[in-house]
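K.L.:
one predicted model, sequence on top.
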Amino acid sequence: MSIDTSKVADSNRGTAATTAKPAKVGAVANWADERLGLGTAMKKNLRKVFPDHWSFMLGEIALWSFVVLLLTGVFLTLWFVPSMGEIEYHGSYDPLRGVGMSEAMASTLHLSFDVRGGLLMRQMHHWAAMIFIASMMVHMMRVYFTGAFRKPRELNWVIGCLLLFLGTVEGFTGYSLPDDLLSGTGVRAADGFMKASPVVGSYMSFFLFGGEFPGESIIPRLYTIHVLLIPGLILALIAAHMLLLVYHKHTQWPGPGRTEENVVGYPMLPVYMAKAGGFFFIVFGVIAVMGGLLTLNPVWKFGPYDPTKVTAGSQPDWYMGWPDGLLRIIPGWESVIFGYTISWNILLPVLVMPIVMLIVLILLPFIEAWITGDKREHHLLQRPRNAPTRTAVMVALMTFYGLSWIAGGNDIIAIKLHLSINQITYFLRGAVFIGPIIAFIITRRWCISLQRHDREKLLHGYETGIIMRSPEGAYSERHLPISDTAAYTLTARERETVYSPESDTDANGVAAPGTRLNRLRSRLSTLMYADNVQKPTAAEIEEAHHHAEHDAPALPAGKSGHGTNGEDFKGIHH
Amino acid sequence: MSDHPTGDHLPATVEEPIANPGLPAHTWRPTDVDPKAERRAERQVASLFGASAVFTVLFAVSYFTFEVGENWDTFMGLGASNVFLGLTLGLALLCIGAGIIQWARKLMADEELVEYRHPARSSDEDREGTLQALSAGLEESGIGRRPLIRNSLLGAVGLLGVPAIVLLRDLGPLPQDTANAATGGGLRHTLWGVRPNVRVVRDVVGTPIRPSDLIIGDLVNAVPDGLFDLHGRELQVAKSKGPVIVVKMEPREIKSGGNWAVEGILAFSKICTHVGCPISLYERTTHHVLCPCHQSTFDLADSAKVVFGPAHRPLPQLPLGVDEEGFLVATSDFTEPVGPSFWERER
């Protein structure tokens, strides 16, 4: 691609700027390079190419909201007192004046009412946390739906899953710190979860709380975990995530000139530096406006934690909602085996399911790679419709998540919609199993029909909406071929072959080892690929176009279905 | 990767139905060719940066102008200080962001570049070299030839996990070490058992209750007498185990649990047997009490058995009596641990 750059403004020169005589900047660069050798690393990366698409921005939201979390979090630590020492509140908030509470709660009130900008920073911190986890989840779905997790990016997928898990734990430890009634209720439930752990449960609880619940140790301990331990891990994993992103180079959507071997887009310096840097300010700004206008976690309305009190409608932050929902809809199963109590009603929803979900997420790329047996690198993204089974798997998981999450608000739904909480709960007990299956089937078939639609477009063109009447009086809709660019983009995907275990037998028909596993793999491969609509072959397209020429109404002479734009209509209508 | 054309202009392989047309030609933006548009974009970017500076100044002004403290809901139910600090800071940041992005979109080169990818794997040569270096290093260390050194080192380092775990022992006392019937300590004792006939007193105010104070349908939140003498940690621990709900119902409506009742008055632990939330939502006609956290529902007329929801066990019942002065008392502690289940609960 050579391009005429003569018209480009001087500032947009293609070559790097060189100074005639060493300026101050040059001197600094020289000083740094002689000590750090940055020249070599920078040469490659300053103009590194990143492809452009709105969906590549979702992970960026997560990254920038984490930076906002670090900045606002440091501010909060300057006033927050992570102590459960009991004091009487004497701050500005009148309704709680004279009430006994922990120093953590009192300092949170102090931050909210007596420190200028303190409430803003608190609310920005909390909003940023919500956005951090939400954007990680949406980013993860984008990566999964488009197949960006495939080789060589499986490890980055694993890192991403761990980040999502750590982010959730970080969120829980964070919103527990103010020691208000709502968060204290959450910690109380967490104590119940710990005690339900087999064998070591009550020991874990006594060790973490420094004795009996609630003790005096939990807030300072959660504080250390929240401000030091988990942020450190998150920071390290983010660094690894970004390094791998740069090393692998970003995936891109297929299209004219975009292949598995190249990456087409704008250079890091200046375009992405500006776009990403500017986007940081946008994310920061949106969070600041939210912190200013949208009240979040008004602990002063909840009051200090008191183990004898609770408010109706107590719910965790949204990202903890789905295990809480499962905890609400599980039947009261508990068994005593050899005199030991096993609380299935707690164990399954909050201790087993989140870990199972994390493991399932981590394994997804490896399961798919095993079924397909694909060992190649993939850098071109796939449209969700072109991987119907994969898309359906994620939609099924999302449906399970969504239904569990709805269960976490069953009391609110019952009140707002005037429904019976018992019926909602009974319904959801079934729905969490049946819903994902229905979602899987619908999504898979939906994707396949979209594939069929794409094939129609390739073979017979798009529907113009123009109805033609032939001399015989028959009506038909005019179809026109799509543009070459659009047609190429639609066909820029691979043909799939169903794995069959027969290919593993040797010349004498003796099955290779691991046949049972191979049969499973074959069945899964059939599920994954057999119903998919493959792109047409060159012969099929040729045939279809030939057919179209014959079918085209023999109106104005010489006009065939081959026109690539609407030009030929003018001939018809004028 | 044979399915894919390897370059921009290479013809498609045979089975590709449509050849890769290659990158579309670059089109110029108005700002590339029209100096007026270029200057306009320049002015837009600079004005956004200027607006940001204005908002930053307004932020500083808001900081010193608007009061915090008692005037925390002066503006839209939110504090004026909070609203204006948030808006000015947010707009200052958004203007910078919008300005930079506008700069990038309108004025920076928008020519797409092509970079070639390389497989993630190292070259065979590099792999070979690494393996050689590795084996040379291992060879020189002699770790393969001296299993005694290797194994004793592994054992010693592995054992270092022990201090890491042992050091955590003092995080808290063992559950059984805190068990103390005289102080109500541990998982199996509460303040109700520290002496015989502990009075049932109202929550918050601490006044004792006569059976005649209650009418049918009443629910009173109560705690053991002596709770309010405690402070800090002891108070919180006692509050997490001691609270009860005292209800009065027609004696003939009591299906079970009536032998621990006084004149139709029953007392049950307020701590849910599921994960420990205090239970409080009472429906007097059905005698059902609902936990607001996970909606476990207990029938107080039937020994607080679970009628709905995730809890498994009924709420522990407190045996009630009346002392010589005519006040409600607990004749003993709960006969089972209150609150959520734990592994050794039945031992």
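P.N.:
Sure, I can see it. Residues are numbered from 1 along each chain as shown, chains lettered A, B, ... in the order given.

K.L.:
every contact and neighbour count from this point should use C-alpha atoms.
P.N.:
Will do.

K.L.:
next, count neighbours for residue 240.
P.N.:
Picking chain A for this. 16 (other CA atoms under 10 Å in any protein chain shown).

K.L.:
that was the other one, I meant chain B.
P.N.:
B:Ser240 has 25 nearby residues by other CA under 10 Å.

K.L.:
helix/strand/coil for it?
P.N.:
Assigned state for B:Ser240: helix (three-state reduction, DSSP: H, G, I helix; E, B strand; the rest coil).

K.L.:
per-domain residue ranges of chain B.
P.N.:
B:1-114, B:177-330 (automatic domain parsing).

K.L.:
also chain A?
P.N.:
Split by automatic domain parsing, chain A gives A:55-258+A:286-320, A:383-496+A:532-574.

K.L.:
for B:Glu324, find the nearest of those.
P.N.:
The stretch from the domains of chain A with the least distance to B:Glu324 (CA to CA) is domain A:55-258+A:286-320; that distance is 28.7 Å.

K.L.:
quick check: mean pLDDT across the closest one?
P.N.:
The average pLDDT within domain A:55-258+A:286-320 is 96.

K.L.:
cool, stretch B:133-144 as well?
P.N.:
pLDDT averaged over stretch B:133-144 gives 93.

K.L.:
identify the residues contacting it?
P.N.:
B:Ile149, B:Arg150 (CA atoms under 8 Å, 6 or more residues apart in numbering or on different chains).

K.L.:
look through the chain and tell me its longest helix.
P.N.:
With no chain named, the answer covers chain A. The single longest helix within chain A, with elements called by DSSP state H, is helix A:421-460.

K.L.:
wrong one, chain B
P.N.:
The single longest helix within chain B, with elements called by DSSP H, is helix B:35-65.

K.L.:
list, one by one, the residues from the stretch 51-200 of chain A near chain B.
P.N.:
Remark: the part of the stretch 51-200 of chain A in contact with chain B comprises A:85-86, A:91-94, A:113-117, A:119-120, A:152, A:185, A:188-193, A:195-200, using CA under 8 Å from any CA of the partner chain.

K.L.:
now list the buried members of the residues you listed.
P.N.:
Buried members of these, counted by 16 or more other CA atoms under 10 Å in any protein chain shown: A:86, A:91-93, A:113-114, A:116-117, A:119-120, A:152, A:185, A:188-193, A:195-198.

K.L.:
buried residues in the longest helix of chain B?
P.N.:
Taking 16+ other CA under 10 Å as the criterion, helix B:35-65 shows B:37-38, B:41-42, B:44-46, B:48-53, B:55-56, B:58-59, B:62-63 as buried.

K.L.:
same question for stretch A:336-350.
P.N.:
Of all the residues in stretch A:336-350, those buried under the rule 16+ other CA under 10 Å are A:Tyr340, A:Thr341, A:Ile342, A:Ser343, A:Trp344, A:Asn345, A:Ile346, A:Leu347, A:Leu348, A:Pro349, A:Val350.

K.L.:
output these as CSV; include the columns pLDDT and distance to chain B.
P.N.:
Converted to CSV, these look like this (pLDDT from 0 to 100; distance: CA to the nearest CA, whole Å):
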residue, pLDDT, distance to chain B
A:Tyr340, 96, 5
A:Thr341, 95, 5
A:Ile342, 95, 6
A:Ser343, 96, 7
A:Trp344, 96, 10
A:Asn345, 96, 6
A:Ile346, 96, 8
A:Leu347, 96, 11
A:Leu348, 96, 12
A:Pro349, 96, 11
A:Val350, 95, 11
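
K.L.:
restricted to strands, list the residues of the stretch 51-200 of chain A next to chain B.
P.N.:
A:Glu86 (DSSP state E).
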